[in-house]
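Q: Need coordinates for the following:
(one chain, ligands or ions: 1)
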Amino acid sequence: MRYLLEIENLKVQYLTKQGAVHALDGVNLYLKPGEILGVAGETGSGKTTLALSILRLLPRNARIIDGKIIFDNINLLSLPIERMQTIRQERISLILQGTSKGLHPVIPSGWQVGEAIEYHEGLPPEEILESIRNIFREVELGTRAIISLPDELSVGMRQKVKIALAISTKPDLIIADEPFVGLDPPMQLLMVFLLKKLYEKYGFSMLIMSHNLGRMAEICDHMAIIYAGETLEYNTTYNVFNQPIHPYTKGLIGAIPRLKHIKRRLISMPGSPPSALNPPKGCKFWPRCPYAKDLCKEKRPPLVYVNGGLVACHFADELKDLSPWDFWGQETI
Ligand code: SF4
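A: Numbering: from 1, shown residues only. From the prediction side, this is the model:
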């Protein structure tokens, strides 16, 4: 098996009173077994829709209109719902965005993890309790947290309970939607260490959706940059950070404070993401791109291979060697 998860040209629309909202409009992702892939994008770029699409948990007013989601050589979009439920329960876990989402407010945290263990392992009650204790130890929570309701725990502890739930079924893939949101920087760092430790011990693959590029750099092997529901760049984390090619990726990387660029001003891209109701024709980034030509306004750029990765820009070859500051023309301090 070359990839554990392969997503090709995924398109999802939400039907609203105002019309069809193009939440995903051509997402391509590739995750090898045992890898951590980061999906980076601004709020509203389609990260949560992507997570819900993989598990086929989209709301009723959403529909997948094109594309493939291949997991372990199975096209998830063509599976009967009963088999899909088994995949959700046994092979793919989802850590929902928001520190309380995904937790029942009036069931003690340990019991919620115990239910998942009981379903998955079919153990007798006394062994389930021992398994709960072990998992809580793994996620660095004390035994008191087992009998606590989620609201009695701190934000970081609740996030750890969600991680405990995610690993309790020993899945092949964990999807974490914004796992660092709502946490302060030291707690974010602890979460990175915890996820890495569990990843090394259990050997699952991970798909991390986040807008926090700094944290993703610390944990992801590959990264995909998505914008307005579309993959604009996919490469190793090293290449994305050291040789970003797409103008949008260059803007994102140039906006991160880094000691080695202390004399550079942080890049601030003009404009804002386009409306998902009425996206621009051609390249969706052209209204913000200083390099946009007539071709960009007419024709959507396909994903092409450049520098070992994929980039959706008509001028990727011309732009690939420009640093973020050379491209965006921001002067030094
Ligand atoms: Fe800019 Fe054109 Fe490339 Fe889009 S295709 S990012 S508008 S240069």
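Q: What strand or helix carries the residue of the stretch 1-150 of the chain found nearest the ligand?
A: Residue nearest to the ligand within the stretch 1-150 of the chain (C-beta to the nearest ligand atom): residue 26, separated by 13.5 Å. To be clear about C-beta, it is placed using only N, CA and C from the backbone, and glycine gets the same treatment. Secondary-structure element containing residue 26, defined by DSSP states H and E: strand 19-31.
Q: cool, residue 137 as well?
A: For residue 137, the host element (DSSP H and E) is helix 125-138.
Q: tell me, how many neighbours does residue 201 end up with?
A: Residue 201 has 10 neighbouring residues, counting by other C-beta atoms under 10 Å.
Q: repeat for residue 45
A: If you count neighbours by other C-beta under 10 Å, residue 45 ends up with 25.
Q: Please list all residues in contact with the residue of the stretch 1-150 of the chain closest to the ligand.
A: Contacts here follow C-beta atoms under 8 Å, 6 or more residues apart in numbering; on that basis residue 26 touches 9-11, 67, 229-231.
Q: if we go to 7 Å?
A: 9, 11, 230-231 (C-beta atoms under 7 Å, 6 or more residues apart in numbering).
Q: Flag every buried residue along the strand holding residue 26.
A: Neighbour counts over strand 19-31 (16 or more other C-beta atoms under 10 Å) mark 21-31 as buried.
Q: Same question for stretch 46-64.
A: 46-56, 58, 62, 64.
Q: quick one: contacts of it?
A: Outside stretch 46-64, the residues touching it (C-beta under 7 Å, 6+ apart) are 10, 12-16, 23-24, 27, 39, 41, 69, 76-77, 84, 88, 92, 94, 97, 175, 177, 209, 226, 229.
Q: Report the angle between the least confident helix or strand in the chain by mean pLDDT and helix 125-138.
A: In the chain, no helix or strand scores lower on mean pLDDT, DSSP states H and E than helix 109-121, which sits at a mean of 88. Helix 109-121 runs at 120 degrees relative to helix 125-138, counting by axes from the mean of the first three to the mean of the last three C-alpha atoms, to 10 degrees.
Q: then helix 109-121 to CSV, C-alphas only?
A: Provided in CSV are the C-alpha atoms of helix 109-121 (Å, rounded to 0.1, in the frame of the first residue of the first chain):
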residue,chain,number,x,y,z
SER,A,109,-14.6,11.3,31.6
GLY,A,110,-13.3,7.9,32.4
TRP,A,111,-16.6,6.2,31.7
GLN,A,112,-16.7,7.8,28.3
VAL,A,113,-13.4,6.2,27.5
GLY,A,114,-14.5,3.0,29.1
GLU,A,115,-17.5,2.8,26.7
ALA,A,116,-15.2,2.9,23.7
ILE,A,117,-13.0,0.2,25.2
GLU,A,118,-15.9,-2.0,26.0
TYR,A,119,-17.2,-1.7,22.5
HIS,A,120,-13.9,-2.3,20.9
GLU,A,121,-12.3,-4.9,23.2
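Q: Quick one: residues in contact with that helix.
A: With C-beta under 7 Å, 6+ apart as the criterion, helix 109-121 contacts 89-90, 103-104, 123, 128, 131-132, 135-136, 145-148, 150, 153, 161, 164-165, 168-169.
Q: run the last query once more with 8 Å
A: Contact partners of helix 109-121, identified using C-beta under 8 Å, 6+ apart, comprise 89-90, 103-104, 123, 128-129, 131-132, 135-136, 145-150, 153, 158, 161, 164-165, 168-170.
Q: buried residues in that helix?
A: 109-110, 112-114, 116-118.
Q: could those go into a markdown table alongside distance to residue 35?
A: As requested, these are exported to a markdown table (distance: C-beta to C-beta, whole Å):
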| residue | distance to residue 35 |
| --- | --- |
| 109 | 30 |
| 110 | 31 |
| 112 | 29 |
| 113 | 26 |
| 114 | 30 |
| 116 | 24 |
| 117 | 26 |
| 118 | 31 |
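Q: now for those residues, which pair is the farthest apart?
A: Pairwise distances across the buried residues of helix 109-121 (C-beta to C-beta) peak at 15.2 Å, for the pair 109 and 118.
Q: Narrow the contacts of helix 109-121 to those that are buried.
A: Buried subset of the contacts of helix 109-121 (neighbour count, 16+ other C-beta under 10 Å): 103, 128, 131-132, 135-136, 145-146, 148, 150, 153, 158, 161, 164-165, 168-169.
Q: Which members of those are positioned in helices?
A: Of the buried ones among the contacts of helix 109-121, the ones assigned to helices by DSSP state H are 128, 131-132, 135-136, 158, 161, 164-165, 168.
Q: Which residue, other than its chain neighbours, is closest to the residue nearest the centre of the chain?
A: The structure's the chain has its C-alpha centroid closest to residue 209; by C-alpha atoms, centre = their mean the separation is 1.7 Å. Excluding its sequence neighbours, the residue lying closest to residue 209 (C-beta to C-beta, 6 or more residues apart in numbering) is residue 47, at 3.8 Å.
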